[in-house]
Every structure is written in C-alpha cells, then in structure tokens.
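Enquirer: mind looking at a prediction? Sequence and model below.
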Amino acid sequence: MSSGLENSSVVVTGAGSGIGRATALRFAAEGARVVVADLNADGAKAVVAEIEAAGGTAVAVTGDLSDQAVVDQVVSTAVDTYGGLDVLVNNAGIMDAMSAVADVTDAEWERVIRVNLTAPFLLTRAVLPHMLARGKGAIVNTASEAGLRGSAAGTAYTASKHGIVGLTRSVAVMYREAGIRANAIAPGGTRTGMIPSIDPAAHGPRTLGAYMGNVGRVADPDEQAAAIVFLASDAASNINGAILPVDNGWSTV
C-alpha cells in the first residue's frame, strides 16, 4: 500500500535532532515536503541541508514553540510554501529533573508543561482549520512511557505526557468524522540528546531508580521515526486515537 505521503506538507517539531531529525528525514524520503521546526537554528538548518542533499524538499523555522507567534509562523510557512498542511508531528519536548511532587519548583512545572503540552495544543489548534478545509489530516504526537504510567519520569514530565495522551484521544474523537486522525507514539528509552539534569540523591530519582532497570534495549531514533511516519501514512488510514508503545516491551513489564 502506498504511504500517500508524496508531495504532502508535513510539519515536524523538535526536528533539529534526535527523533525529530530522524522523522523529518523519513518523511522527506517518502517524498513529503517538510517544515523543520526547532528551537536550535543550527540544528534545523543542518537537517534541511541533509534533506536537500538527498534530493528532498524542506524549510526551517526556528523559535520557541510555546510562543503563539512562533506557532503561527510554523503554520503559515507550511501553508504559504507548500500550499497547505497535511501532517503535524508534535515531537518537541524537554525532560524534567525527575522531581517528586514536593520538590517540583514553579519554574520547572510551568516550563515542562508549557513546552510538552501547551505547545502541541497550540500547534494542533492552529493546524486544524487548514486540515478541516482539506477534509483530511494526520496528527502524530510524541507521548512517552511516562504517559502510560507513573514510574518512568518525574512529576512534571509525567503529567505533561499523560496530557498528550488525553489531547490525542480528544482530537481523535472530535474530528474523526472530518477525516482527521490523531495518534501518538509512547517511546521507551531512545538514544537522543535529551539528558535530564538530576540529583541522584533526591527523592524522585532515588525512587524511580528501582523501575528503570526494566527499560531493556535502548532504541535508535529511526525506530521511533518509523512508527511516526507509519501512523501518518495511508497504511494507518483506520487507526485513530491509538497510543502506540515503541519500547521493546517495557510497558508490559
């Protein structure tokens, strides 16, 4: 079955490195035209260069996606450059300090929730009018093992990823009759540059350490990207509201 992604317009956030980079490269290899969105300008430009060197089409937009003005710029770039918007991948995110509730500062809570949950909400809200006008669209969110249970990250990150699961399912229900699908992957351990700054002696990291031995094999970012591209493709045309663990079975332990 054809992926249906050729000449589609795709936004990938956090696309300057890690899972986002691998996802942008995979979409481009399928013939999609990609908006590479990332806070890191050098990373975003490097991914665009990789895509173009391979014969693909991409453009970079840089900025903090928790800022409505940056969200608007991302969406307008996709629409103005490629004539519309077919796929949104909400992948950008940050880690917390594995903090337990009593140790979470206001700053940690607000920043993690803003980047990991509010930014995907803002982007989803912004792309929906364009997808509704086309009568179709696919949204794929990056949740986490921490969105499935309480033992894979700190309080703020866990709450943000549970929120992503809820956002995904809400969009799936609200817009399925309009031809729009929303799904999410829940990655387990993956080789990315997102390394939390933690105090191993603090209550949160000390408690969570007992559960982290079950993570199993650490995935390559391309393994997560493969699942994202599948969920966005025509091969997943009847999959809507799914939260797909991509974790080598960690969620089953």
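Expert: Sure thing, it's come through.
Enquirer: strands of the stretch 101-250 of the chain, start to end?
Expert: Using DSSP state E, counting those that start in this stretch, the strands assigned to the stretch 101-250 of the chain run over residues 137-142, 180-187, 243-246.
Enquirer: now render those strands as a markdown table, adding distance to residue 228.
Expert: (C-beta placed from N, C-alpha, C; glycine too.) Output for the strands of the stretch 101-250 of the chain, formatted as a markdown table (distance: least, Cβ to Cβ, whole Å):
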| stretch | distance to residue 228 |
| --- | --- |
| strand 137-142 | 5 |
| strand 180-187 | 6 |
| strand 243-246 | 9 |
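Enquirer: which among those strands is found nearest to residue 173?
Expert: For residue 173, the closest of the strands of the stretch 101-250 of the chain is strand 180-187, at 8.9 Å, according to Cβ to Cβ.
Enquirer: mean confidence for the closest one?
Expert: For strand 180-187, mean pLDDT rounds to 98.
Enquirer: any low-confidence regions in the stretch 1-150 of the chain?
Expert: 1 (pLDDT under 70).
Enquirer: ok, now with 90
Expert: The stretch 1-150 of the chain contains residues with pLDDT under 90 at 1-3.
Enquirer: can you report phi and psi for residue 99?
Expert: phi -70, psi 140 (degrees, to the nearest 10).
Enquirer: in this structure residue 95 contacts residue 160, no?
Expert: No - Residue 95 lies out of contact with residue 160 (Cβ atoms under 8 Å); the separation is 10.1 Å.
Enquirer: quick one: common contacting residues for the two?
Expert: Both residue 95 and residue 160 are contacted by residue 112, under the criterion Cβ atoms under 8 Å, 6 or more residues apart in numbering.
Enquirer: tell me which of the two has more neighbours.
Expert: Counted by other Cβ atoms under 10 Å, residue 95 and residue 160 do not tie: residue 160 has more neighbours, with 26 against 19.
Enquirer: no further queries at this time; thank you.
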